[in-house]
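S.K.: with the input below, show me the fold.
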Amino acid sequence: MFRTNLPETTVRVVSLLLFGLAVMLSHAAQAQTFSVIHTFTGPDGMWPQAGLTIDARGRLYGTASSGGQNDHGSVFRVAPQGSGWVTTPLFKFGGSVGSAPIARPLFAPNGLLYGTTNSGGAGNCEGLGCGTVYSLRPGPNACTSALCPWLEHVVFSFGGLLAICDVSQPSEAGGARNPQRLPEENIGVCPGFGDLTFDQAGNVYGAITCCDGGAVYQLTARGANALYYFSGGADGGDPESGVIFDSAGNLYGTTAGGGSVNCGTVYELSPNGSGWTEKVLYSFQCGADGESPVGGLIFDASGNLYGTTSFGGAGKGGTVFELTPSGSNWTFQVLYSLNYSGTQDYLTGPSGILAMDAAGNLYGTAVLAGAFSAGSVFKLTPSNGSWIYTSLYDFSGGTDGGDPYGNVVFDGTGNIYGTAEVGGLNSCFPGLGCGTVWGITP
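M.R.: Here you go, the predicted structure:
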């Protein structure tokens, strides 16, 4: 499902009118920890829906879903310099090279940045293209100016008649083959906002949502291969997050729909010699456990899985959950239910993957949580068998940003960084800013 900005416009404007004074007081109290390190202008990109990637030098990489060249989006880098930060657009998308990147770029084993675009490319979906997997590398010559675009290569172009969506071709993976659902308007085949992942051989893995129930795919030097097709039924549907590997080579992910009552699943894909076998580890019940796990999963050092649901739960603002292996099964536990008092019923809570520090604390963002219903950054601390919730920052939707959809990252000194889709100093839509990159110093 492609995220749209228009439905939240009214929420943002009303929030600013009602809470303006409270915002100023709150921000004065939090000024020593929170800072905006970049506010988008439009030409450099706008509306960063994804979170960030950080390299060993503390440089931040991300995508803006629009803006850039003819509003096709961009990949950017924000690098520390002295006491400040310098932002460089690394690449501006358009047409056959891709458009609308709503997932963050990640470094592959070969050192290149890889990511996806939700439209563009060679496929024909509503005339907009069906999306791409791309790679980026620095140019061959040393950079001597502030603007040094990187070189982009389209690794794969999605399309309704390509291998992972074509019902006329037999399934090489042995997964369930379902009638093809035509790509929805404006969103192509939906590589979506899930992370890509890589195996030791450098093969690329990801998920798409617009082939009936969706699919998990693999890209190798020989092309694309679907590992599993979801039916949209009990096995899950709409895998909006990416997948992660365990040490045995199994893949894990979430689906936003499907399952026993169509509230989403956590699943495992295991290689079986001739293909991959899917196992549902947990089916959400749309109750206190939450609903629609849009974000992906992480492992801790003990092999436990952690994830989030984007709404529902006891507080109606989504949940943070843990799955613990128990023999051949997994035990599900809600660690915390976030609160939400508004009327929106989708993507109110977390939608990015969690982050865990060395002490076992969990960090994430919630889209419409917080004192001003414009999103928050939170921390969960384990304590005597329960978890203590701390709001690290509540966004206002103003110059600080709003609607933080993506993940957070840490630098070597424990500072936290992320993006906010809207807000900032510059307006890219009436009442709606272009978005920000922010940092929090503990």
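
S.K.: ok, which stretches of the stretch 1-150 of the chain are strands?
M.R.: Chain-ordered strands for the stretch 1-150 of the chain, with DSSP state E, counting those that start in this stretch as the definition, fall at 34-39, 53-54, 60-64, 74-81, 84-92, 106-107, 113-117, 132-137.

S.K.: dump those strands into TSV; add mean pLDDT as well.
M.R.: Rendered in TSV, the data for the strands of the stretch 1-150 of the chain read as follows (pLDDT from 0 to 100):
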stretch	mean pLDDT
strand 34-39	97
strand 53-54	98
strand 60-64	98
strand 74-81	96
strand 84-92	94
strand 106-107	97
strand 113-117	96
strand 132-137	95
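
S.K.: out of these, which gets nearest to Gly159?
M.R.: Taking CB to CB as the measure, these were each checked against Gly159, and strand 132-137 came out nearest at 10.0 Å. All C-beta atoms are positioned from the backbone trio N, CA, C, and that covers glycine.

S.K.: quick revisit: can you list the strands of the stretch 1-150 of the chain in CSV and add distance to Thr441 and mean neighbour count?
M.R.: Compiled in CSV, these are given as follows (distance: least, CB to CB, whole Å; neighbours: other CB atoms under 10 Å):
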stretch, distance to Thr441, mean neighbour count
strand 34-39, 8, 18
strand 53-54, 15, 20
strand 60-64, 15, 29
strand 74-81, 13, 20
strand 84-92, 13, 18
strand 106-107, 25, 16
strand 113-117, 27, 28
strand 132-137, 29, 22
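
S.K.: now do the contacts for Gly111.
M.R.: Arg137 (CB atoms under 8 Å, 6 or more residues apart in numbering).

S.K.: let me fix that: Gly45
M.R.: For Gly45, the contact set (CB under 8 Å, 6+ apart) comprises Thr63, Ala64, Ser66, Gly67, Gly68, Gly73, Ser74, Phe76, Pro89, Lys92, Cys434, Gly435.

S.K.: of all the residues you listed, which two lie farthest apart?
M.R.: That would be Lys92 and Gly435, which, of the contacts of Gly45, are the farthest apart (CB to CB) at 15.7 Å.

S.K.: show me the shaky parts of the stretch 101-250 of the chain.
M.R.: When the per-residue scores of the stretch 101-250 of the chain are filtered using pLDDT under 70, the ranges that remain are 126-127, 142-147, 160-189, 211.

S.K.: again, only this time at 80
M.R.: Counting by pLDDT under 80, the stretch 101-250 of the chain contains low-confidence ranges at 123-128, 140-148, 159-190, 210-212.

S.K.: same check on the stretch 301-442 of the chain?
M.R.: For the stretch 301-442 of the chain, the stretches flagged by pLDDT under 80 are 345-346.

S.K.: which stretches in it count as strands?
M.R.: Listed in chain order (using DSSP E, counting those that start in this stretch), the strands of the stretch 301-442 of the chain are 305-309, 316-326, 329-339, 355-356, 362-366, 376-383, 386-394, 409-410, 416-420, 427-429, 432-433, 436-440.

S.K.: Asp246: which of the strands of the stretch 1-150 of the chain is closest?
M.R.: Ranking these by their distance to Asp246 (criterion: CB to CB) puts strand 106-107 first, at 18.2 Å.

S.K.: ok, residues contacting the closest one?
M.R.: Identification of contacts with strand 106-107 by CB under 8 Å, 6+ apart yields Thr53, Asp55, Leu113, Tyr114, Gly115, Asp195, Leu196, Thr197.

S.K.: could you tell me the end-to-end distance of stretch 255-263?
M.R.: End-to-end span of stretch 255-263 (CA to CA, to the nearest Å): 9 Å.

S.K.: buried sites along it?
M.R.: Thr255, Ala256, Gly257, Gly258, Gly259, Asn262, Cys263 (16 or more other CB atoms under 10 Å).
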